[in-house]
Structure formats: C-alpha cells, structure tokens
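J.: can't give you the sequence, but here's the structure:
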C-alpha cells in the first residue's frame, strides 16, 4: 500500500471502524509511510498493538514538536486533544485542527474516525454526523454484517429509532419480531439523511461490509451488493466484503 495517494481519509459507520483504521495505519507504516491516526469524536485509548505512540495535547506547537521526535522511531502516531480517565477514551480534534495537522507536511496519511457507534455493528446517523474534516480525499463507510438478521434494537443498532425511521422497518419496541434486513441496510445507506449526508459529493466513497465471519454473513453482504446494483447506485466507488478477523483477502 506504499503507493496509496497521500491525504486525509475519514472512516465512518459501525462494526469495525477503529480496527480498520489501525489495520490501514500498520499497512501504510510498514511500507515506510508516515501515518497519523486520530478522530473528530472519541475513541478508546489504543492498545500497544494498535498504536505504540500517542500524543495528547490541544496545543499545535506541542503536537508538532512531539511528532517530529517520535517520527524518528516510528512511522505511525496517534494523536488526540484530551484523555478521559473515567471512560478511557481519547477526545479528538475539531476538523480545522486536523486540517492544520495535514498542512504541517509531517504525515503522508491522516486516518480519521469520524463518528461513534457505541460498539454496535450497525448504526443510523444523527444530523451532526459524520464529522468529516475539510479536504478529506476519501471516505470509507463500514457496516457490520453481524447485525443483519438480528433485532432492530439498541443491542445491535446504535440509534435504532432513527434507523427505523430511515429504513421504514418497525423498531423492536413497536414490533418485537422486527429484524434488520439487507434491504434496510441499503435503504439507510442511500437515504438523503443517512451516512453520506455530510460527505462532499466530489470525494470518492467506499463501502466495507465487515464481519463476514461465516457463510450467513457473507451471503448478507452479497445481497447488499446486489441490491446496491439494482438501485443503480454509483455513490460508492468500491464495495468490499471481508472480515478483519480473517486472514482471507477481501472480495
């Protein structure tokens, strides 16, 4: 992946955003690229295997100074504005700050987690999400396939009431037997108030259908791809089905 074009990449959705972000960072850094991982919302403090070097500061000068020193030892750094001890989460930067970090020229790639999902595999977006930095060159949308076929409830879908409204499916509180379907995933993905509502129309958007850990989930992913094709949707430049738990290549 050393030939990937430089720039800011935003990652949004649910079902593996953080794992994907650090996976991509490791791939790029192993090829000699300098990479910053961060967020415009909150992420858990990374484990050492995810990111060994973390800068926590709201001061641009301090971040630059620490980053220059660390980049002599590692091509990958994580940075955030603050650390919340009660939740063990890092609070990220405002989009303008990420733009300033990009303009320093220290990093060839900046990977940004652009929304939260409360560890659910699927989500609907509030009106203020995702928080995409200016001059983002690409957006990757993540969907966790483990939610397909499960109840349309907060156990599986973050902001399930909004998901119900956008998809047209009844919420589990109104209909206990209501299940998430592949069609509902496509409907929410393509809805004007869905995940792409804050995405500039001129940037490439990619869809990663994660958690294809078994044949059932993989089939659900294939159905989503077929339905997107049926809708003649060209909003996603690429669609991948795969599993970050599996060594098998994505399809």
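T.: Structure's in. What do you need? All of these numbers come straight from a predicted model, not from anything done at the bench.

J.: quick one: the helices in the stretch 1-150 of the chain?
T.: 17-30, 60-70, 95-103 (DSSP state H, counting those that start in this stretch).

J.: who wins for proximity to residue 240 among these?
T.: In terms of CB to CB, the element of the helices of the stretch 1-150 of the chain nearest to residue 240 is helix 17-30, at 10.3 Å. C-betas here are computed from N, CA, C, even on glycine.

J.: next, the buried residues of the closest one.
T.: For helix 17-30, a neighbour-count test (16 or more other CB atoms under 10 Å) marks 17, 18, 20, 21, 22, 24, 25, 26, 28, 29 as buried.

J.: out of the helices of the stretch 1-150 of the chain, flag the one nearest residue 225.
T.: Among the helices of the stretch 1-150 of the chain, if distance is taken as CB to CB, the winner is helix 17-30, at 18.3 Å.

J.: other residues contacting the closest one?
T.: Contacting residues not belonging to helix 17-30 are listed as 1-2, 4, 9, 11, 35, 37, 43-44, 46, 50-51, 74-76, 108-109, 111, 113, 115, 117, 140, 142, 208, 210, 244 [CB atoms under 8 Å, 6 or more residues apart in numbering].

J.: circling back to that earlier point, quick one: which of the helices of the stretch 1-150 of the chain is nearest residue 188?
T.: helix 17-30 (16.4 Å).

J.: now do that closest one, average pLDDT.
T.: Per-residue pLDDT over helix 17-30 has a mean of 95.

J.: show me which of the contacts of helix 17-30 are buried.
T.: Of those, these count as buried by 16+ other CB under 10 Å: 9, 11, 35, 37, 43, 46, 50-51, 75-76, 108-109, 111, 113, 115, 117, 140, 142, 208, 210, 244.

J.: could I get the helices of the stretch 1-150 of the chain as JSON lines with distance to residue 217?
T.: Formatted as JSON lines, these follow (distance: least, CB to CB, whole Å):
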{"stretch": "helix 17-30", "distance to residue 217": "16"}
{"stretch": "helix 60-70", "distance to residue 217": "38"}
{"stretch": "helix 95-103", "distance to residue 217": "33"}
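
J.: what is the nearest of the buried residues of helix 17-30 to residue 97?
T.: When those are compared for distance to residue 97 (CB to CB), residue 21 wins out at 17.6 Å.

J.: distance check, the closest one against residue 184.
T.: 26 Å (CB to CB, to the nearest Å).

J.: please apply the same query to residue 228.
T.: Distance, residue 228 to residue 184, by CB to CB: 13 Å.

J.: burial of residue 112, as a residue count?
T.: For residue 112, the neighbour count with other CB atoms under 10 Å is 28.

J.: and the gap between residue 174 and residue 165?
T.: The gap separating residue 174 from residue 165 is 12 Å, by CB to CB.
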